[in-house]
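Student: this is a predicted model, with the sequence first.
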Protein chains: 2
Amino acid sequence: MNKQAIPYKIYLKENEMPKQWYNVRADMKEKPAPLLNPVTHQPMSAEELSVVFCEELVRQELNDEDRYIDIPQEIQDFYKMYRPSPLVRAYCLEKQLDTPAKIYYKFEGNNTSGSHKLNSAIAQAYYAKKQGLKGVTTETGAGQWGTALSMACAYLGLDCQVYMVKVSYEQKPFRREVMRTYGASVTPSPSVTTEAGRRILKAHPGTGGSLGCAISEAVEAATSQDGYRYVLGSVLNQVLLHQSVIGVETKAALDQYGIVPDIIIGCAGGGSNLGGLISPFMGEKLRGERDYRFIAVEPASCPSLTRGKFVYDFCDTGMICPLAKMHTLGSNFIPSSSHAGGLRYHGMNSVLSQLYHEGYMEAVAVEQSLVFEAAVQFARIEGILPAPESSHAIRVAIDEALRCKETGEEKTIVFGLTGTGYFDMFAYEKYNNGEMKDYIPTDEELRRGLEKLPQLR
Amino acid sequence: MNKQAIPYKIYLKENEMPKQWYNVRADMKEKPAPLLNPVTHQPMSAEELSVVFCEELVRQELNDEDRYIDIPQEIQDFYKMYRPSPLVRAYCLEKQLDTPAKIYYKFEGNNTSGSHKLNSAIAQAYYAKKQGLKGVTTETGAGQWGTALSMACAYLGLDCQVYMVKVSYEQKPFRREVMRTYGASVTPSPSVTTEAGRRILKAHPGTGGSLGCAISEAVEAATSQDGYRYVLGSVLNQVLLHQSVIGVETKAALDQYGIVPDIIIGCAGGGSNLGGLISPFMGEKLRGERDYRFIAVEPASCPSLTRGKFVYDFCDTGMICPLAKMHTLGSNFIPSSSHAGGLRYHGMNSVLSQLYHEGYMEAVAVEQSLVFEAAVQFARIEGILPAPESSHAIRVAIDEALRCKETGEEKTIVFGLTGTGYFDMFAYEKYNNGEMKDYIPTDEELRRGLEKLPQLR
């Protein structure tokens, strides 16, 4: 155990940065259930998936055997431009809370996309380029993923077509403009440019759109153009794999100082950041080498883990994507319009759903006013304005640290600070003006959300 | 000379971070001219200055003797939360330009204020707190300084009152909201809350305001409230002193790898970033120990160094601040409304003005369309969306690197990347839409700007 003083920020040296991603599926006895063909309900073959996704990404999606997967040198080089991200000791927050707990956060917001999404964007864009494709299509909600993908595509010289949830497109013109600055074309969804979009517009005239709907459009755009494939910023196993760079770096930094976390906390929408952060630690737990508490934090208004069902479901509204077995509120579920904290996806990545189902991970749902309260407290004392999404993890980290204060336990808490809130000032404004409302869906609303589950044969 | 490979980013270790600021005035044979009382035209005494500024800051303002000034431990600790900033090797840009030049940039944008302004904000807030004050007042234009000061005040528990140029207040609601999130009160200027504001509103009904006008209001607010002082984010010598942390870190990082820059480039509005970046290098030049080329880059539409006059002038529109001898376009000068690139102040810090006057530094004025062209090129290849201000330095760094390509010289270029452009997307949108216009003021406009120079006895 290294006895040096812990600096405010631990940065790995360039030569200490990860050269391999960590595939936690290799450690799982019960593998996550396979994706199913939405028509035949049979497991999707690599060939079928390759119509939509890049070939190498399909291999990664289906690989539940290899624990370590090499990061291509070109991706390592791109990572060097904005990584390693710092593992920060929250000295000031600890002092303010007057807690014996030691709090660390892995900060992924120090890049222009403003979040961890860039870790997977560059990987997906790289494999698309390597396959000789012209470009990629995707959807984006709040815009972090679309920005990240635009950046990766600009760097590699790939065309990038983003379908942006219409309500975000209109409320976040700056996000849209960042993507355009990186050369992406951005279309508000639902749009008339796709069959799926036209169908949704006909059924719901004037709709502000949803992620599930934008996914349908982006998939259609990919499969209807030569030399294009679809890429996705969360939910898929390949994304968790790429995001494991967060966890591998975190573990390396902690190991250098002999720090062993007791609790690891991450916000959970589709699960990419949480899954990436916990992967190498979860591997140890699954192999019985060490125990950790893992806590997924989700919005009370979109509680897929704590109140959803663990079943096969559609990943998109248009029901054209493969079916995934996951904790889900149903592709029909739409969070209350008063919800401002992100993490709006109806389902959760299959790996995380399985691990939660088996009891390897806990989950907590928190109301948004408490999330923003934590966000502002954190911003003022730690100097970083967090994304609403990330602030879910801050909330629970503070709660756990205050619990340590009561019990006197010196626990070590690590949480993922996935990004910054510079493009979320409408939400902060609401909070600052005392106009933020919490909403907890009723059991009846949850029942209705699940009405359109696929009927497996 | 150290022969190790240069990493993409050089980070100093925490224990290698600067413990002293570098006061370049100590190296100047010809000291910068003193501030004058706007009424008596006599040099301002410490006592007079203390009505407006904190006592310790007055001492720093007047200190042209001590080369090194200790950074208080509390400020060092705050610096550890977001510093050291990385010195980045622009490998990707070099490759794209196909230049033999080696390009480095010191990136100050990785903090929530989005710029280097935080370096001086925390220092000024610290001394205010130490003096037992209740709060501080200031002005902000684009909002970087106001954000930085809000962050510093939130951390220390000081009240923070910001007068924000009205046109920015309206066009940048997100900036305003970040400041409010940090607990600051933000007033659009000119306002009816001050005598100065009411006077300006009467003379120019419906005006969008200016920095000079917001300064007048902030100074009045400070002097008319008990326990308040005024703080300023640029122009003053104390600000240059605090910003020298940029230069000291840069030099330490370069020294570790035996790198000696040939050219050091910074954008120049009031001069805080440029002055801070070059301070320790300029010290060597002034002492005759080593030669460097220093290039100040300013907007062609607000060219205080290249087309201004080196005279005593008012620092504010209301003419209530001390007079400073500087390169100035006159406090009457207002840049064209088509100007979107920041750096709008009519004058330039006295130290830099003096050094430029004596030929120790060059200056270049660039048109904004070329600045944004460089910004977009840089964003796409280096992955950072730069602030328009910072992009002035990028433009000239690229130009110098291309010159090296022609001549085959392997020059080492260092430039200051002062901040990020997340809150400047209106300007980027203009550029992306091909609607950005350049404007070069006519000689007649410059003459009119200088019409209201103080008539010294």
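Tutor: Sure, I can see it. Numbering: from 1, shown residues only, chains lettered A, B, ... in the order given.

Student: near chain B, which residues of the stretch 1-150 of chain A show up?
Tutor: Within the stretch 1-150 of chain A, the positions near chain B by C-beta under 8 Å from any C-beta of the partner chain are A:7-9, A:11, A:13-14, A:78, A:80-82, A:92, A:110-112, A:114. Yep, even glycine has a C-beta here, placed from its N, CA and C like the rest.

Student: give me that answer again for 6 Å
Tutor: By C-beta under 6 Å from any C-beta of the partner chain, the residues of the stretch 1-150 of chain A that approach chain B are A:P7, A:Y8, A:Y11, A:E14, A:K80, A:M81, A:N110, A:T112.

Student: which residues touch the fifth one?
Tutor: Taking C-beta atoms under 6 Å, 6 or more residues apart in numbering or on different chains as the definition of contact, the neighbours of A:K80 are B:Y8.

Student: model confidence for it, exactly?
Tutor: Here the pLDDT value assigned to A:K80 is 97.

Student: need the three-state assignment for the residue nearest to A:S338 when sequence neighbours are not counted.
Tutor: Closest residue to A:S338 apart from its sequence neighbours, by C-beta to C-beta, 6 or more residues apart in numbering or on different chains: A:K437 at 4.7 Å. Put simply, A:K437 is coil when judged by DSSP: H, G, I helix; E, B strand; the rest coil.

Student: I'd like to know how many residues surround A:K437.
Tutor: Taking other C-beta atoms under 10 Å in any protein chain shown as the criterion, the count of residues near A:K437 is 13.

Student: shouldn't it be in contact with A:S337?
Tutor: No: if you go by C-beta atoms under 6 Å, A:K437 and A:S337 don't touch, sitting 10.1 Å apart.

Student: element containing A:C213, please.
Tutor: Using DSSP states H and E, the element containing A:C213 is helix A:211-223.

Student: show me which residues of the helix or strand just after that helix are buried.
Tutor: With elements assigned by DSSP H and E, the helix or strand that comes after helix A:211-223 is strand A:228-230. Using 16 or more other C-beta atoms under 10 Å in any protein chain shown as the test for burial, strand A:228-230 gives A:Y228, A:R229, A:Y230.

Student: how about stretch A:150-162?
Tutor: Within stretch A:150-162, the residues that qualify as buried are A:S150, A:M151, A:A152, A:C153, A:A154, A:Y155, A:L156, A:L158, A:D159, A:C160, A:Q161, A:V162, counting by 16+ other C-beta under 10 Å.

Student: now that stretch - C-alpha only, PDB.
Tutor: Extracted in PDB, the C-alpha atoms of stretch A:150-162 (Å, rounded to 0.1, in the frame of the first residue of the first chain):
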ATOM      1  CA  SER A 150     -19.600  14.600 -35.000                       C
ATOM      2  CA  MET A 151     -16.200  15.100 -33.500                       C
ATOM      3  CA  ALA A 152     -15.000  11.600 -34.200                       C
ATOM      4  CA  CYS A 153     -16.300  11.700 -37.800                       C
ATOM      5  CA  ALA A 154     -14.700  15.100 -38.500                       C
ATOM      6  CA  TYR A 155     -11.400  13.800 -37.300                       C
ATOM      7  CA  LEU A 156     -11.600  10.700 -39.500                       C
ATOM      8  CA  GLY A 157     -13.200  12.400 -42.500                       C
ATOM      9  CA  LEU A 158     -16.500  10.400 -42.300                       C
ATOM     10  CA  ASP A 159     -20.000  11.800 -43.200                       C
ATOM     11  CA  CYS A 160     -22.200  12.100 -40.100                       C
ATOM     12  CA  GLN A 161     -26.000  12.200 -40.200                       C
ATOM     13  CA  VAL A 162     -27.700  12.900 -36.900                       C
END
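
Student: what's in contact with it?
Tutor: Residues outside stretch A:150-162 that contact it (C-beta under 6 Å, 6+ apart): A:113, A:121-122, A:125, A:129, A:134-135, A:137-138, A:140, A:146, A:149, A:179, A:182-186, B:380, B:383.

Student: out of those residues, which are buried?
Tutor: Buried among these by 16+ other C-beta under 10 Å: A:113, A:121-122, A:125, A:129, A:135, A:137-138, A:140, A:146, A:149, A:179, A:182-184, A:186, B:380, B:383.

Student: could you tell me which of the buried residues of stretch A:150-162 belong to helices?
Tutor: Among those, the members found in helices (DSSP state H) are A:S150, A:M151, A:A152, A:C153, A:A154, A:Y155, A:L156.

Student: which one of those is nearest chain B?
Tutor: Proximity of these to chain B (C-beta to the nearest C-beta) peaks at A:A154, which lies at 4.0 Å.

Student: okay, the closest one and A:R380: tell me how far apart.
Tutor: Distance from A:A154 to A:R380, counting by C-beta to C-beta, to the nearest Å: 35 Å.

Student: try A:R447
Tutor: Distance, A:R447 to A:R380, using C-beta to C-beta: 41 Å.

Student: so where do the helices sit in the stretch 251-400 of chain A?
Tutor: Assigned by DSSP state H, counting those that start in this stretch, the helices in the stretch 251-400 of chain A fall at A:272-286, A:304-307, A:350-357, A:368-382, A:388-407.

Student: mind putting those helices into TSV with distance to chain B and mean pLDDT?
Tutor: Output for the helices of the stretch 251-400 of chain A, formatted as TSV (distance: least, C-beta to the nearest C-beta, whole Å; pLDDT from 0 to 100):
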stretch	distance to chain B	mean pLDDT
helix A:272-286	19	98
helix A:304-307	29	98
helix A:350-357	29	98
helix A:368-382	4	98
helix A:388-407	12	98
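
Student: export the buried residues of stretch A:150-162 to TSV and tack on pLDDT?
Tutor: Formatted as TSV, the buried residues of stretch A:150-162 follow (pLDDT from 0 to 100):
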residue	pLDDT
A:S150	98
A:M151	98
A:A152	98
A:C153	98
A:A154	98
A:Y155	97
A:L156	97
A:L158	98
A:D159	98
A:C160	98
A:Q161	98
A:V162	98
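
Student: for the residue lying closest to A:A26 once chain neighbours are set aside, phi and psi?
Tutor: Spatial nearest neighbour of A:A26, excluding adjacent residues (C-beta to C-beta, 6+ apart): A:R67 at 3.8 Å. The phi and psi torsions at A:R67 (degrees, to the nearest 10) take the values phi -70, psi -40.

Student: what is the burial count for A:L456?
Tutor: 10.

Student: any buried residues in stretch A:403-411, and which?
Tutor: So, applying 16+ other C-beta under 10 Å, buried residues of stretch A:403-411: A:C404, A:K411.

Student: meant to ask about stretch A:69-87, not that
Tutor: Across stretch A:69-87, burial judged by 16+ other C-beta under 10 Å covers A:69, A:71, A:75-76, A:78-87.

Student: wait, what's in contact with A:A340?
Tutor: Taking C-beta under 6 Å, 6+ apart, we find A:A340 in contact with A:A427.

Student: with only the CA atoms kept, save stretch A:59-74 in CSV.
Tutor: The C-alpha trace of stretch A:59-74 is given here as CSV (Å, rounded to 0.1, in the frame of the first residue of the first chain):
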residue,chain,number,x,y,z
ARG,A,59,-18.1,-9.1,-33.5
GLN,A,60,-17.7,-7.0,-30.3
GLU,A,61,-21.4,-7.0,-29.7
LEU,A,62,-21.5,-10.8,-29.8
ASN,A,63,-18.3,-11.5,-28.0
ASP,A,64,-19.0,-12.7,-24.5
GLU,A,65,-15.8,-14.8,-24.3
ASP,A,66,-12.7,-12.5,-24.4
ARG,A,67,-12.1,-10.5,-21.2
TYR,A,68,-9.6,-8.2,-22.9
ILE,A,69,-10.0,-6.7,-26.3
ASP,A,70,-7.1,-4.7,-27.9
ILE,A,71,-7.7,-0.9,-28.5
PRO,A,72,-6.4,-0.2,-32.0
GLN,A,73,-3.4,2.1,-32.0
GLU,A,74,-5.4,4.8,-33.9
